[in-house]
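[1] can you look at this prediction? I've put the sequence above it.
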Amino acid sequence: MANVTFYLLEQDDPKQASELACLLAARHFRQRQRSFVCCADQTGAEAVDELMWQRPAEGFVPHNLPGEGPANGAPVQIGWQWRQANQCQVLINVSHSMPASLSGYRFIYDLVPADEAGKQAARERYKQYRAAGHQLDTRPAHELFETNHG
């Protein structure tokens, strides 16, 4: 079973979710864990990709969008369609849906938007994770921004 952490975003700003996804992916890259960032659509995935490229050179994290990068995927894979990412231990969910299969993931981060429709969709995912027996936690997003500097 995976550890599932819901991060509650304080602002109705897609950039905040993208920034949080980048922080989480960078953290797990430094721990030598592969991540899949699943965005709601191609535009969201491209926004995360762009933020990853803007990281300082010393904090660079190898990443790719679908169809790019090495055959087995980069350590951070960014997409907008649910699929089992190559050998990823970490799922960072920036979409409003949930994958059919969670097998292989040790850590799941579910980013909860500030708008009411996004919160309601997150409540449904929470119920699904709980029913599947995953360990759940909920935290305000600002905690991660305050404790993670890169």
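    Noted; the coordinates are in hand. Residues are numbered from 1 along each chain as shown.

[2] point to the residue nearest the middle of this protein.
    Ile92 (1.8 Å; CA atoms, centre = their mean).

[3] for Ala25, give me its contacts.
    Counting by CB atoms under 8 Å, 6 or more residues apart in numbering, Ala25 makes contact with 35, 37, 52, 61, 63, 76, 90, 92. No exception for glycine: its C-beta is placed from N, CA and C like everyone else's.

[4] out of those, name the ones that lie in strands.
    35, 37, 63, 76, 90, 92 (DSSP state E).

[5] for the residues you listed, give me a markdown table that also has distance to Ala25 and pLDDT.
    Converted to a markdown table, the ones in strands among the contacts of Ala25 look like this (distance: CB to CB, whole Å; pLDDT from 0 to 100):
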| residue | distance to Ala25 | pLDDT |
| --- | --- | --- |
| Ser35 | 5 | 95 |
| Val37 | 6 | 95 |
| His63 | 7 | 95 |
| Val76 | 5 | 95 |
| Val90 | 8 | 95 |
| Ile92 | 6 | 96 |
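
[6] just among those residues, which is most surrounded?
    Val37 (31 neighbours; other CB atoms under 10 Å).

[7] does that residue touch Ala74 like I think?
    No: with contact defined as CB atoms under 8 Å, Val37 does not count as touching Ala74 (11.1 Å).

[8] can you give me the strands for the chain?
    For the chain, the strands defined by DSSP E cover 3-8, 35-38, 63-64, 76-79, 90-93, 107-112, 135-140.

[9] contacting residues for Ile78?
    Listed by CB under 8 Å, 6+ apart, the contact partners of Ile78 are 36-37, 39, 45, 48-49, 52, 63-65.

[10] picking up where we left off before, which residues does the residue nearest to the centre of the chain contact?
    Contacts of Ile92 were listed using CB under 8 Å, 6+ apart, and they are 21, 24-25, 35-38, 109, 111.

[11] could you do Glu58 as well?
    Glu58 makes no contacts at all, as judged by CB under 8 Å, 6+ apart.

[12] buried residues in the helix or strand of the chain with the lowest mean pLDDT, which are they?
    When the helices and strands of the chain are scored by mean pLDDT, DSSP states H and E, helix 141-147 comes last with a mean of 79. For helix 141-147, a neighbour-count test (16 or more other CB atoms under 10 Å) marks 141, 144 as buried.
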